[in-house]
Each structure stands twice: as C-alpha cells, then as structure tokens.
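Visitor: Show me the folded form of this:
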Amino acid sequence: MACSNCKETGLSGVYRCKECWRSPVLCRKCMVATHNINPWHAVEEWTVEQAFWRRTTLATLGMVVHLGNHEGETCYRTVSDARELCVVTLHGLQQANIRFCGCCEKGESPQPDYTQLLEAGLWPATWKTPRTAFSLDVLDDFRRASTQGNITAQDYMMVRVRQTDGVLPKSAKDRYREFLTATRQYQFVKMCMRNGVHPSGVLDYGSLANLCPACPHVDINICREWRTRAEDKQFLDALYHAVDGNFAQNMKDKGSDGNDLPLTLGSAYFANEHDAKEYFAVMPPPKTEASNCNKFGAMGYYGHWGSVSGLVGLSCARHMFVLPGGGVDLKVGETWAAVDFLMLSGLQRWMQLKLHISAYDINCQYRIHFHERLAAFQAKFFNNQKTALRSIKSCAIPATRAAVGKFHEPAHKLDCRLSYSFHYLPGAGQTDGEAPERIWAATTFLALRTREMSPGHRHDTINFFHDDMNWRKTYGIAAHLKKKFCEAKKYQEESSAYLTELEKEIMSCGLPADTLAAWQSEKQKWDQYLIEVGKAPVHTAPTRRASTELPCPYEAAKTKGERICIAGLTDERIGEIQEGFMKRVDVWNKAAETSLHIAVALSMDGLPRERKAIVQREVRSRHNLSVAAGTSPSKTKSRKRKAPVEPVVEESTQIGTKRSRACLADLCTVEIHLPSSYPHDVQSHEAMKEAAKLEKAMREADADDGLDEVKAHLATSYGLHLHLKKATTQNLKLRSSGPAQRMRSAVYAAAEVYRRARAALVFLGMSEADPTYRPLKKSDLKAFVVREEDRAFGDSRNFKQSWIWGDLSFVDNDLSDSVKNHIVDHLRVHWCRTKATAERWTEEMELVIVEMTRTIRFFDYYARLWNRRADESECEGSAAYARK
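Guide: Residues are numbered from 1 along each chain as shown. Model (predicted):
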C-alpha cells in the first residue's frame with residue numbers, strides 16, 4: 001500500500017477522510033498534515049490484517065490542535081501539555097488533543113481556556129478547566145432543529161452518538177447533561193447579540209424581546225399626530241392585544257433546584273419571576289367565581305394538575321407577535337390575579353397610548369371588576385407613585401375596548417356575543433382575536449419537553465422558542481402586510497358595493513323614506529354604547545342585561561313568524577276547485593282548436609314527415625313542463641319524466657279522504673298544450689309569435705310569483721327552524737319538526753313553481769344565462785342570517801347572500817301586517833350586519849395602510865440605531881455584527 005501524496009510505499013496501513021471531497025488515500029503523516037485546518041473530520045483506516053475501512057480519529061493518528069494565532073503551529077510559550085477534550089461536532093463525538101496558547105497580551109496573563117476555545121469556534125461545557133466542548137455549528141444546528149422540528153436535546157445527542165458509532169452507541173461518552181447546559185447558555189448569548197445587549201445576570205425589562213414592527217411604539221414608529229387624533233380614528237394608533245391560557249404548557253410536580261432561575265430573568269417574554277413571586281405571595285388563594293355567562297374551564301370549572309398547571313400569555317392580536325413580559329405561570333385555572341399581573345407586566349411599553357383593543361375568550365367575565373382589582377393593586381404595591389415591583393412602573397391602563405375572539409364567541413350566551421363581538425366593535429377592523437390559539441398550536445410539541453424541565457430551564461426554553469417565532473414573523477412581515485392589503489382592498493370594495501345595492505333595494509320596496517336613517521340611528525347608539533363602556537373606570541359587563549332600554553340592532557325580534565300556505569280545504573271545496581278548473585281547461589282547449597291548432601298547423605306546414613313525427617313526440621313529452629331547473633330542451637329527450645309535485649297543504653287537508661287526494665292528483669296531471677310545448681322552429685313561425693309572446697308574459701309572472709313565494713316562506717320560517725334547533729328533548733323535537741317540515745315543503749313547492757316557469761321560458765327561447773331568471777339551486781334556498789346563533793366563522797368574507805335576495809320588491813306585496821313587519825325586521829337586521837361588515841373592512845383597509853407605514857419607520861429606526869452602535873463600538877467584531 002502506498003500514499004498518493006508522498007508516494008511512500010510498503011505501508012502497513014493507509015487512511016482516507018469521509019468528509020473531504022474525493023479524498024485520496026494517505027499515510028498517517030500526510031493525513032495529519034492535510035487536516036491541520038479541518039481537525040474534526042472523520043477518517044477511516046485500512047490495514048493489511050483487517051482488510052476493510054474502520055473508523056478512527058485524527059487524535060489517534062497523533063494530531064494535536066494548537067490554539068492561538070499561530071496558524072496551527074505550536075505556541076513556543078506554552079508550558080503545559082496537550083489536554084484531551086471530548087469535542088462534539090456535526091461529524092459526531094471524538095477525542096481531541098488540544099494545546100492552549102500561552103501568549104500574554106500587554107503584560108497580562110494568558111487568555112483563559114474558554115476564551116481560546118470560543119475563538120476556535122468551540123463552546124466549553126464548563127468555564128473552569130473544560131473537558132468537553134461543542135462546535136458552534138452543532139449548537140446552531142440544534143437551535144434550528146429544536147425550534148422548527150421540535151427535536152429534544154436527548155434525541156439530538158443520540159443522533160450524534162449514533163453518527164459516531166451506530167453499532168455500539170453506548171460505547172461513546174455521555175455528554176447529554178453538558179449539552180443541556182451549553183445549548184441554554186449559547187441561545188441566551190445569541191438573544192443578547194441580536195438585541196445589542198451585554199449578557200449579565202440582571203437585564204432591563206423586555207430588553208431581549210423582539211418587538212412587532214407593525215404595532216405602535218411611542219418614539220419609534222407611531223404617527224406624529226397620534227395624540228390629537230379624532231376619537232373615531234383613535235383605533236389607528238391603538239394596540240391590539242390578545243390574552244389566552246394554555247393548559248398544555250404545564251410542569252410536573254417534582255423536585256428541582258430552587259435557585260434555578262432563568263437566564264432571561266424578566267428580560268424576554270415572561271413577566272419578571274421575582275416580581276411575580278412577590279405578587280402572588282400576598283394574593284389570597286384563588287376561588288372559583290360565579291359566572292353570569294357559561295361555566296368556562298378557564299375560570300376554574302375544570303381540573304388541573306402539576307406544580308404549574310399552565311401558562312397565560314399576551315400577544316399582538318393582529319400580527320401574532322408574543323409581547324415582552326407577557327407570560328405568567330398558572331397554579332390552577334386562569335385566575336384573575338394571574339391575568340391582571342400579566343396585563344400590567346405585558347403592557348408597560350404601551351401605557352402611554354390613548355386606546356387599547358383587547359381580546360380574551362372570557363372577557364365578558366374578566367372585565368366586570370377589572371378596574372376595581374386594578375385600584376386594589378395600586379393601593380397595595382404603589383406608595384407615593386413608587387412601586388415595590390421592579391418591572392411594573394405604571395398601572396394606568398388606557399381606555400380599552402374589550403371583545404371575545406371570533407372562534408370562542410359561539411360558546412357564550414347571546415348577550416355576550418352581541419356585546420363582545422369583533423364583528424360589531426367599532427375600530428376592530430378584521431381582527432379575529434385568536435392569535436394566542438395559533439401560537440399555542442405551534443407550541444404543542446414544545447410542551448412535551450418543557451413539562452419535564454426545571455423552572456428556570458423551562459422559562460428559558462419557552463423564551464427561545466417565542467423569540468424564534470417573532471424573528472420569523474419579522475422576516476415575513478412585508479409579505480404578510482401585502483397579503484392583508486390585497487385582501488382588505490378586495491373585500492372593502494365588494495362589501496361597500498353590496499351595501500349600496502342592498503340599500504337601493506330596501507328603498508325601492510315601498511318602505512318609508514326615513515327607514516334607513518332610523519336604522520342608522522339605532523346602530524350608532526349601540527356603537528357609541530360599546531365605545532363609552534371602554535372608557536368607564538368601573539363598570540359591569542356591557543350587556544343588554546345592564547342596559548335593557550337600549551335595543552341591539554344586530555338581533556331580530558323574537559317572534560314566531562307566520563306561515564303562508566293553503567289551509568282548510570275540505571272534500572267539497574276541493575271538488576269545486578276541480579270542477580271550475582276543468583271548465584276553464586275545456587274553454588282553453590276549444591279556443592286552442594280554433595286558434596292555436598291553426599297556428600301550429602301553419603307552422604308545421606312544409607316540414608318533412610320525419611320532422612313532424614319528432615315534433616309530435618316532443619309535444620307529448622313537454623306537456624306538463626315538470627322538468628328541473630336549468631334543463632335545456634335538448635336534454636329533455638333523454639330525461640325521465642318526473643312526477644308532478646303535489647301542492648303543500650295543511651295537516652287538516654292531509655287527513656282528508658281518498659277522493660280529495662285523488663282530485664288533487666288529477667289537477668296536477670291535466671294536459672294543456674302551450675307554445676312552449678313545441679320546438680323552437682315551430683315557435684319562431686310568424687303564426688306562433690303572438691301566442692308565444694302571451695305565454696312568455698304568463699310564465700314570467702309565474703316565475704316572479706314563485707320566487708316571491710320562496711322568499712316570503714324563507715323569511716317567515718326562520719323562527720320555526722330556530723325553535724327546532726333549540727329543542728332539547730325528543731318530545732320538543734317531534735312537536736317542532738312537523739311545522740318546520742311543512743314550511744320546508746312549502747319552500748320547495750314554491751321553488752318548483754319557479755323552476756317550471758323558468759324551464760318554459762327556456763323552451764320559449766330565453767337564454768340559460770339570463771341574469772333575471774337564474775337557475776334556482778338548493779343552496780340558494782336559504783334566508784340571510786338574522787340570529788347570532790347562526791353566524792359562522794368566516795362570515796366577514798362570505799357576506800353576500802343568495803341571488804334571490806337581490807330583489808326585495810316582494811315586501812310590498814299583499815301580505816298581512818304581521819308578516820310584513822316580521823320580514824321588515826329581518827331586513828333591518830340584515831342591513832345592520834351588512835353595514836357593520838362594510839365598516840370593519842373599511843377600518844381594516846385604513847389599519848393595514850397605517851401598519852405598513854409603521855413597519856417602514858420601525859426598520860428605519862433600528863437601522864440607524866445599529867449603525868450608531870457600530871460607529872461607537874471599540875470592538876471590531878461587535879461593529880461588524882452591528883453593520884450586518
């Protein structure tokens with residue numbers, strides 16, 4: 001065997017490197033010499049005796065790593081021998097012989113061992129006589145794998161161990177505990193570097209937190225006119241924040257070191273741990289409070305376990321950034337004391353603002369005595385404007401408009417859904433208030449790791465994870481705002497156009513001229529009430545229970561409605577109807593023999609015999625016009641003839657005799673020949689034009705009447721379906737299902753009348769794409785939402801109703817006063833909800849534009865700040881990092 005470098009032959013063993021590209025086969029001396037700058041590569045050995053490649057290390061071949069600025073050569077001032085260290089790199093674990101530099105700078109002692117290791121890209125496991133070191137590449141790789149892939153430190157170390165020896169992994173040295181300490185220290189120093197902070201044991205409040213570029217920050221990116229902004233535009237400079245608890249982020253009740261404090265103590269995304277401990281020490285034991293809404297698990301109506309039962313967090317409600325100081329551990333449920341301390345700690349940077357908009361899934365209960373608890377906190381911890389808590393300098397929280405997240409809103413009672421809804425809150429834009437839920441979803445797997453950790457390590461790990469989330473959102477904030485801008489522009493235009501069309505239809509259906517003005521006044525009173533509630537220093541929950549004299553414009557009056565249907569038909573009356581109807585049919589048929597038949601004969605004159613036979617078959621197949629909506633004449637040939645739809649009657653009629661039901665069936669099967677029964681080439685003849693024109697007018701009237709009937713039935717049947725939906729027992733469901741089913745049948749019967757009339761119009765030459773008489777699908781047969789129970793998540797984007805409601809002229813029809821009032825009340829609610837949706841999209845458009853401006857100012861501010869730090873720094877490395 002020979003070396004490909006020095007050409008020496010007769011070697012007992014040769015070596016190759018697994019990491020070098022196209023590595024040559026070298027002798028021991030050449031392998032060590034060529035890896036002077038790559039001492040951590042994994043090499044393999046081939047000997048004559050074993051005849052296969054076996055892993056070995058460069059230290060075994062005699063390599064010594066010399067530290068210091070000597071280009072890999074031995075420092076002549078070093079008096080100590082090489083020290084054996086276990087080095088963990090991306091290539092696995094290996095023993096290395098390291099000789100430290102003994103050079104002195106300016107007459108001082110040599111640099112400490114840990115400093116020399118850091119300069120060489122190695123992180124020492126201990127700071128006194130280190131015996132283990134980790135490459136910075138390994139620590140960076142774990143940081144990315146941990147935050148993105150949720151891999152644990154134990155699993156990551158097992159990967160490196162198996163990389164070293166996949167057959168006998170236990171033969172490698174165990175460096176798991178040292179790895180935990182090193183990664184925790186490294187990520188803390190990394191956070192300090194990113195924020196331009198010198199690592200120390202006591203850091204300023206929020207100094208390690210990455211702020212949201214789009215949120216308002218006084219003296220950084222806020223608009224200069226924010227102090228003089230008009231009240232109706234103050235939401236443009238407001239902080240939107242959301243609170244929520246996560247009971248998956250618990251910690252097991254096991255022994256731990258009481259002195260294990262987080263390295264990020266009070267400087268990142270948790271409230272200051274010392275202040276929190278002092279605060280909770282003087283608070284009375286939490287009690288389960290009575291709820292005037294539902295019994296929520298967050299209020300203590302649920303079992304919890306562990307020394308820490310969960311975590312309550314504060315985040316930016318619009319951009320999902322975790323706010324500094326916005327995390328507090330929970331001992332039981334989401335007690336008000338914990339949330340109060342969270343609010344005071346997390347909102348310190350924004351106490352100067354004039355308005356906050358807050359989201360919390362149980363805001364309806366939390367806000368009842370919030371200001372009373374705030375006054376008690378001030379009396380207990382503030383003395384002569386000075387506080388005993390280091391992290392809390394002020395407790396003057398600005399005026400706050402409170403709401404419940406849109407996802408949690410259906411879990412509340414009706415009064416809370418109307419008073420705490422982001423859909424109706426002025427200034428809310430399209431904020432949904434569910435940012436914490438998205439954050440908790442990303443930290444689900446993190447909780448499996450942190451519940452096993454000690455308290456300090458747990459807080460540090462969660463802080464590192466939240467910091468990584470905030471940085472990733474910072475990188476993507478421009479694309480995020482662009483997407484929101486395009487969406488807001490689209491829906492703002494569509495919602496405003498839809499509102500304009502709706503108002504035109506309302507004013508054209510015969511209502512008084514001041515109808516919209518009255519509705520607008522009612523809506524403004526409710527909006528102003530919600531605004532004033534946020535200003536009150538002490539208030540009860542802003543529900544209609546607290547203000548019963550103020551009606552809510554977003555909810556319809558609770559009436560049962562009326563049903564429009566055929567009732568009270570006896571056998572004798574049905575016989576009279578049948579007799580009168582048959583007489584009119586006979587008159588038509590006699591007239592048809594003398595006029596229509598002549599016109600048909602003239603129209604078919606000259607047609608080939610085969611074509612005449614086809615026409616006669618088509619006439620027989622079309623005589624009852626019982627075809628589905630949208631059926632074209634060409635498709636009628638191949639479709640089976642449907643049974644005629646029976647008219648909807650009341651239950652009293654259904655109990656009638658066989659004769660009455662047979663009479664009704666006979667009425668539906670009478671054959672009447674009309675121009676629509678004939679093909680287009682017959683209809684277009686000059687002799688048929690007048691008859692076709694008359695039938696077209698008749699069919700259009702039938703279609704209009706059928707569609708009006710559909711809308712009237714849908715509007716008046718809303719209460720029946722709501723009553724059935726709320727039925728809790730089987731008896732109530734059975735009693736409610738009958739009327740609801742009969743009303744549903746009435747809707748389908750009226751829809752079938754429209755479909756038959758439309759099919760006839762198509763036979764008469766109307767285009768399938770006619771904008772007035774469109775195909776009536778089953779999905780079109782629904783009323784607009786007038787009850788809060790039927791609101792769905794995403795309705796802000798799906799605000800357009802079925803096309804049948806584009807024409808509201810049916811309100812002016814000959815209806816009873818009670819039915820008409822019922823329908824008008826539903827129109828009022830529909831208009832108020834549509835108006836609120838259009839206003840929220842307009843606010844969203846304005847908010848996104850302001851957020852874009854603030855983002856540019858934010859980045860410009862910090863660009864100037866880092867350039868100034870670079871100019872003022874005396875260290876070249878720090879200056880280079882600042883310019884980066």
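
Visitor: Quick one, grab the pLDDT at Val79.
Guide: Turning to Val79, the model gives it a pLDDT of 69.

Visitor: check contacts around the closest residue to Ser171 other than its chain neighbours.
Guide: Leaving aside its sequence neighbours, Ser171 sits nearest to Asp165 (C-beta to C-beta, 6 or more residues apart in numbering; 5.5 Å). Any C-beta I mention is one placed from the backbone N, CA and C, and that applies to glycine too. By C-beta atoms under 8 Å, 6 or more residues apart in numbering, Asp165 lies in contact with Arg55, Ser171, Ala172.

Visitor: Ser421 too?
Guide: With C-beta under 8 Å, 6+ apart, Ser421 has these contacts: Ala403, Val404, Lys406, Glu409, Glu788.

Visitor: Can you tell me which of those has the most neighbours?
Guide: The most crowded member of those, judged by other C-beta atoms under 10 Å, is Ala403 (28 neighbours).

Visitor: For stretch 393-405, give the mean pLDDT please.
Guide: The average pLDDT for stretch 393-405 rounds to 90.

Visitor: If you count neighbours, what's buried in it?
Guide: For stretch 393-405, the neighbour count (16 or more other C-beta atoms under 10 Å) marks Cys395, Ile397, Pro398, Ala399, Thr400, Arg401, Ala402, Ala403, Val404, Gly405 as buried.

Visitor: Same question for stretch 143-160.
Guide: Judged by neighbour count (16+ other C-beta under 10 Å), stretch 143-160 contains these buried residues: Arg143, Ala145, Ser146, Thr147, Asn150, Ile151, Thr152, Ala153, Tyr156, Met157, Arg160.

Visitor: and stretch 88-103, C-alpha only, in PDB?
Guide: Extracted in PDB, the C-alpha atoms of stretch 88-103 (Å, rounded to 0.1, in the frame of the first residue of the first chain):
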ATOM      1  CA  VAL A  88     -19.000  17.200  19.800                       C
ATOM      2  CA  THR A  89     -19.300  18.300  16.200                       C
ATOM      3  CA  LEU A  90     -21.600  17.700  13.200                       C
ATOM      4  CA  HIS A  91     -19.400  14.600  12.500                       C
ATOM      5  CA  GLY A  92     -20.100  13.100  15.900                       C
ATOM      6  CA  LEU A  93     -18.200  12.800  19.200                       C
ATOM      7  CA  GLN A  94     -14.400  12.400  19.200                       C
ATOM      8  CA  GLN A  95     -11.500  12.800  21.500                       C
ATOM      9  CA  ALA A  96      -9.100  15.600  20.600                       C
ATOM     10  CA  ASN A  97      -5.700  16.600  21.900                       C
ATOM     11  CA  ILE A  98      -5.800  20.400  22.400                       C
ATOM     12  CA  ARG A  99      -2.900  22.600  23.400                       C
ATOM     13  CA  PHE A 100      -3.700  26.100  24.700                       C
ATOM     14  CA  CYS A 101      -1.700  29.200  23.800                       C
ATOM     15  CA  GLY A 102       0.500  30.700  26.500                       C
ATOM     16  CA  CYS A 103       1.000  34.100  24.900                       C
END
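
Visitor: any idea of the mean pLDDT in it?
Guide: Regarding stretch 88-103, the rounded mean pLDDT is 90.

Visitor: Could you give me the buried positions within it?
Guide: Neighbour-count burial for stretch 88-103, with 16+ other C-beta under 10 Å as criterion, is recorded at Val88, Thr89, His91, Gly92, Leu93, Gln94, Ala96, Asn97, Ile98, Arg99, Phe100, Cys101.

Visitor: Just name the closest of those to Thr183, please.
Guide: Taking C-beta to C-beta as the measure, Thr183 sits nearest to Val88 out of the buried residues of stretch 88-103, at 10.9 Å.

Visitor: thought the closest one was touching Phe134?
Guide: Yes. Between Val88 and Phe134 there is a contact under C-beta atoms under 8 Å: 4.7 Å.

Visitor: Name the residues contacting each of those two.
Guide: Both Val88 and Phe134 are contacted by Phe179, under the criterion C-beta under 8 Å, 6+ apart.

Visitor: so of the buried residues of stretch 143-160, which ones are in helices?
Guide: Counting by DSSP state H, the part of the buried residues of stretch 143-160 found in helices is Arg143, Ala145, Ser146, Thr147, Ala153, Tyr156, Met157, Arg160.

Visitor: Just to check, the third one is in contact with Met157?
Guide: No. Using C-beta under 8 Å, Ser146 is not in contact with Met157, being 12.0 Å away.

Visitor: for this structure, what's the longest helix?
Guide: Longest helix in the chain by number of residues (criterion: DSSP H): helix 817-872.

Visitor: Any regions of the stretch 701-850 of the chain where pLDDT drops low?
Guide: For the stretch 701-850 of the chain, the stretches flagged by pLDDT under 70 are 715-740, 784-795, 799, 809-816.
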